[in-house]
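Trainee: below are the sequence and a predicted model for it; my questions follow.
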Amino acid sequence: MSDAGSQMFRTALDELGTVLARVDDGRIDAACEMLAGARQIVVYGCGREALQVKGFAMRLHHLGLPVSVVGDMTTPPVAQGDVFLVTSGPGETATVLTLMQVARQAGATVLLLTAQPGGSAARLADFTLLVPAQTMADDQGPQKTSVLPMGSVFEGALFLLFEVMVLKLRGLTAASPEAMRARHTNME
């Protein structure tokens, strides 16, 4: 790999590390406790955030937690005692805002991961986990803080944050690595 290529990796990894170092660990713990105590968990994200959210849903399933993804035909209705985990890096995603309102009206707790604490989504959420990263809301001009395009640093930070949350949830649920592996699909 060229020196320029190595430097791009170092820069991107440094950016991800800086973002994740600024996420409040106490709020991560609180979010994990909410998820561990939920009657059921329903998750949603748009675009590339959806890929991270779906990967997290898979790991929640591996932990033995009751989880569904909005849009799947088997997703049950949300109600009191449920947690609706949703991401909106920019904090203004129309579909997210609508689904948050539906979940709140049904009595579910809305857990939001966002980079925009002053956005509309944060005002609708019951609990917000701030991931202070560049998104498409601030990826141009003097607001641009990342070498990565658009919302890539937010999406990458979600992946790593969700993996750390899985480790914390594993402790809360006492799920063994063997039990998690046993829940992995054999249909691939």
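Mentor: Good, I have the coordinates. Residues are numbered from 1 along each chain as shown.

Trainee: and the top helix by length along the chain, how far out from the chain's middle?
Mentor: Ordering each helix of the chain by length in residues (DSSP state H) puts helix 152-173 first. With Cα atoms, centre = their mean, to the nearest Å as the basis, helix 152-173 stands 8 Å off its chain's centre.

Trainee: what packs against the lowest-mean-pLDDT helix or strand in the chain?
Mentor: Lowest by mean pLDDT, DSSP states H and E among the helices and strands of the chain is helix 3-21, with a mean of 87. For helix 3-21, the packing partners by 3 or more Cβ pairs under 8 Å, 6 or more residues apart in numbering; DSSP states H and E come out as helix 152-173. The way it works is simple: take the backbone N, C-alpha and C, and place the C-beta from them, glycine included.

Trainee: on that earlier part again, run through who's touching the least confident helix or strand of the chain.
Mentor: 1, 131-133, 145-148, 153-154, 156-157, 160-161 (Cβ atoms under 8 Å, 6 or more residues apart in numbering).

Trainee: can you pick the most crowded of these?
Mentor: Counting neighbours by other Cβ atoms under 10 Å, the top entry in the contacts of helix 3-21 is Phe154, with 31 neighbours.

Trainee: quick one: the strands in this protein?
Mentor: Here the chain has its strands, by DSSP state E, at 41-44, 67-69, 83-87, 109-114, 127-130.

Trainee: closest to Ala182 out of those?
Mentor: strand 67-69 (16.5 Å; Cβ to Cβ).

Trainee: give the rounded mean pLDDT of that closest one.
Mentor: Across strand 67-69, the average pLDDT comes to 98.

Trainee: show me what that strand is packed against.
Mentor: Strand 67-69 packs on strand 41-44, helix 47-62, going by 3+ Cβ pairs under 8 Å, 6+ apart.
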